[in-house]
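Asks: Just need the structure, nothing else, for what follows:
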Amino acid sequence: MDRCFIIGAAFILDLILGDPMWLCNIISHPAILIGKLISKWEKIIRSLLPKTKKSERFGGFLIVLAVIIISVLPTILVVYAAYKINHYLGMAVEIFICYEVLAVKSLKDESMKVYYALKNGTLDDGRRAVSYIVGRDTKDLTKEGVIKAAVETVAENTTDGVVSPLIFMAIGGAAGGIFYKAINTMDSMIGYKNDKYMFFGTCAARLDDIANFVPSRITALLMIISSFFLGFDGKNAFKIWIRDRLNHKSPNSAQTEAVCAGALGVQLAGNAYYFGKLYEKPTIGDKKREIEEEDIKNINKIMYGSSILAVILCLIFCVFI
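Replies: So this is what the prediction gives:
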């Protein structure tokens, strides 16, 4: 029951506070700390190993091992120490860590910056706003491309920023949340298939695929249910999910993007530039209509609905397992 309270309180805190700058100035966000750790260990490991395919793969394995241990072990020790001092202090520490791992409000806030930039500013403003939340090149994106990028980011990150952390926290508390955050941050930093990380980032990318395999499919189902309740096309969301859920090189990304494309009646994905190189990608969904700014609001509604269902699911898990 304690874990139910911890997860519920952390979720509510995230809905209310998100990631306020004043707090980040006092206490670094776990993703920032883990990111610094990844950068430091990448420099160390690369300096020690020769630049061969085999060595880079081994180096990638070493950084994954180091980052997970250095991220999770202190979390376990801090939480344990807090509980030894006082049970309620331990719960408070876990609530705070779990709250920091979740990203419901910040995901909405950052995507809505793109919405307001397009509504009240110029296309360049929209490109600039979306560049902060996507990995692709944005300087030449059309208005449609900017909107699609924002919608796809919310769709994909509902898994990465909300449902997966909740599931790992339900299983392992704050340490479980940090364990997942370490995996996901490594993938976002070194899990690219470019010249620099083609081999070095293999282990991080594969581990992230494994960690999100089940959660991404749970998220897709929760999004379908949310679509029905929120007045979107739930039937088409299920249809497109079944048809297009594997239209991505990642085994997980298209799961939620397919649901959202079907629910909104728009077409997502397609070719995109990353680090100046064109990557040919299949489309997801049918173009029943042109995508528009309001779809950024719509995808956030689906994200919130799915997040609430995910919390309920995790609370049930904590009570009965």
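Asks: just the strands in the chain please.
Replies: Counting by DSSP state E, the segments of the chain that form strands are 268-269, 272-274, 277-279, 283-284.
Asks: quick one: strands adjacent to the last one?
Replies: Sheet pairing for strand 283-284, assigned by DSSP bridges, gives strand 268-269 (antiparallel).
Asks: how far away is I38 from V311?
Replies: Plainly put, I38 is 29 Å away from V311 if you go by C-beta to C-beta, to the nearest Å. Heads up, the C-betas are built off the backbone N, CA and C, glycines and all.
Asks: wait, I meant S216
Replies: Separation of S216 from V311 (C-beta to C-beta) stands at 17 Å.
Asks: what ranges do the helices span in the stretch 1-150 of the chain?
Replies: Applying DSSP state H, counting those that start in this stretch to the stretch 1-150 of the chain gives helices spanning 2-17, 21-26, 30-48, 53-85, 87-101, 104-120, 123-131, 143-158.
Asks: Output those in TSV, with mean pLDDT and mean neighbour count appended to each entry.
Replies: Shown next, in TSV, are the helices of the stretch 1-150 of the chain (pLDDT from 0 to 100; neighbours: other C-beta atoms under 10 Å):
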stretch	mean pLDDT	mean neighbour count
helix 2-17	94	18
helix 21-26	61	10
helix 30-48	91	16
helix 53-85	95	17
helix 87-101	95	20
helix 104-120	95	19
helix 123-131	93	19
helix 143-158	94	24
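Asks: if I look at the spatially closest residue to A174 that is not a sequence neighbour, how far off is L89?
Replies: For A174, ignoring the flanking residues on the chain, the nearest one in space by C-beta to C-beta, 6 or more residues apart in numbering is I97 at 3.9 Å. I97 sits 13 Å away from L89, going by C-beta to C-beta.
Asks: ditto for A237
Replies: Taking C-beta to C-beta, one finds A237 at 44 Å from L89.
Asks: repeat for D125
Replies: Applying C-beta to C-beta, the value for D125 to L89 is 45 Å.
Asks: what's the answer for A66, then?
Replies: Taking C-beta to C-beta, one finds A66 at 30 Å from L89.
Asks: Ok, N247 next?
Replies: In terms of C-beta to C-beta, N247 sits 48 Å off from L89.
Asks: And D233, by the same measure?
Replies: Distance from D233 to L89, counting by C-beta to C-beta: 48 Å.
Asks: Repeat that for C318.
Replies: 20 Å.
Asks: Then M198?
Replies: From M198 to L89 the distance is 46 Å (C-beta to C-beta).
Asks: One more: Y99?
Replies: 16 Å.
Asks: G173 too?
Replies: Distance of G173 to L89, given as C-beta to C-beta: 15 Å.
Asks: circling back to that earlier point, what would the helices of the stretch 1-150 of the chain look like in a markdown table with distance to F168?
Replies: Listed next are the helices of the stretch 1-150 of the chain as a markdown table, based on distance: least, C-beta to C-beta, whole Å:
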| stretch | distance to F168 |
| --- | --- |
| helix 2-17 | 11 |
| helix 21-26 | 22 |
| helix 30-48 | 13 |
| helix 53-85 | 11 |
| helix 87-101 | 8 |
| helix 104-120 | 15 |
| helix 123-131 | 28 |
| helix 143-158 | 15 |
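Asks: now L207, nearest residue through space, not along the chain?
Replies: I183 (5.4 Å).
Asks: wait, the one you found sits on R206?
Replies: No. Counting by C-beta atoms under 8 Å, I183 does not reach R206; the two are 10.3 Å apart.
Asks: the more surrounded of those two?
Replies: Counted by other C-beta atoms under 10 Å, I183 and R206 do not tie: I183 has more neighbours, with 26 against 14.
Asks: which residues does the more buried one contact?
Replies: V64, I68, A204, L207, D208, A211 (C-beta atoms under 8 Å, 6 or more residues apart in numbering).
Asks: Could you measure from the second one over to R245?
Replies: Computed as C-beta to C-beta, the I68 to R245 distance reads 29 Å.
Asks: can you check the last one too?
Replies: Between A211 and R245 the computed distance is 18 Å (C-beta to C-beta).
Asks: Over to the first one?
Replies: Relative to R245, V64 is positioned 27 Å away (criterion: C-beta to C-beta).
Asks: what's the answer for the third one, then?
Replies: According to C-beta to C-beta, A204 stands 23 Å off from R245.
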